[in-house]
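Peer 1: Dropping the sequence and predicted coords here.
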Amino acid sequence: MKHVKRILSAVIAGALLCTGTVFSTVSAEETILCGDIDNDGAITSDDAVFAQYYYSATLTGTEDEFFEWMDRIGSSKERVLASDITGNGQVDADDVVMILKYYSTALLNSGLTPDEIWEKVFAGE
């Protein structure tokens, strides 16, 4: 039970970080939607795939190549790193799961704002 409480506390802390900064400003021109890794204006299963690719790159030491590839498709290192949804300091498998939860929640609840969707995700709805 203690372990579950710790995990839940970490997820809630991440939720507060992410929902408090669903949109983060990188520069005067660019605003990042937390979880929108591919910079298409929406959080989709594609973003979860990119998060998984990045996580794999961190495990194999190929982050530089990954970031070069992201630059070519119109994304950025900042967008990838802003997708640390759990707030543990890295984009990993837990963030992939959270992005997928966001996507499925958005599909089932059209019309909600990104903040409202993240609230549902972190509430486990």
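Peer 2: Perfect, I can see it now.
Peer 1: Residue 83 touches residue 91, doesn't it?
Peer 2: Yes. If you go by CB atoms under 8 Å, residue 83 and residue 91 touch, sitting 5.3 Å apart. Every residue, glycine included, has its C-beta placed from N, CA and C.
Peer 1: okay, and the common contacts of these two?
Peer 2: residue 51 (CB atoms under 8 Å, 6 or more residues apart in numbering).
Peer 1: Where does the prediction get shaky in the protein?
Peer 2: Scanning the chain for pLDDT under 70 picks out 1-30.
Peer 1: can you map out the strands along it?
Peer 2: Using DSSP state E, the strands assigned to the chain run over residues 23-25, 31-33.
Peer 1: Which strands or helices does the last one pack on?
Peer 2: Looking back up the chat, that one is strand 31-33. Counting contacts by 3 or more CB pairs under 8 Å, 6 or more residues apart in numbering; DSSP states H and E, strand 31-33 packs against strand 23-25.
Peer 1: what do you get if the cut-off is 10 Å, keeping everything else the same?
Peer 2: strand 23-25, helix 77-81 (3 or more CB pairs under 10 Å, 6 or more residues apart in numbering; DSSP states H and E).
Peer 1: ok, it: who's next to it in the sheet?
Peer 2: According to DSSP bridges, strand 31-33 forms sheet pairs with strand 23-25 (antiparallel).
Peer 1: How about the contacts made by residue 60?
Peer 2: Going by CB atoms under 10 Å, 6 or more residues apart in numbering, residue 60 touches residue 66.
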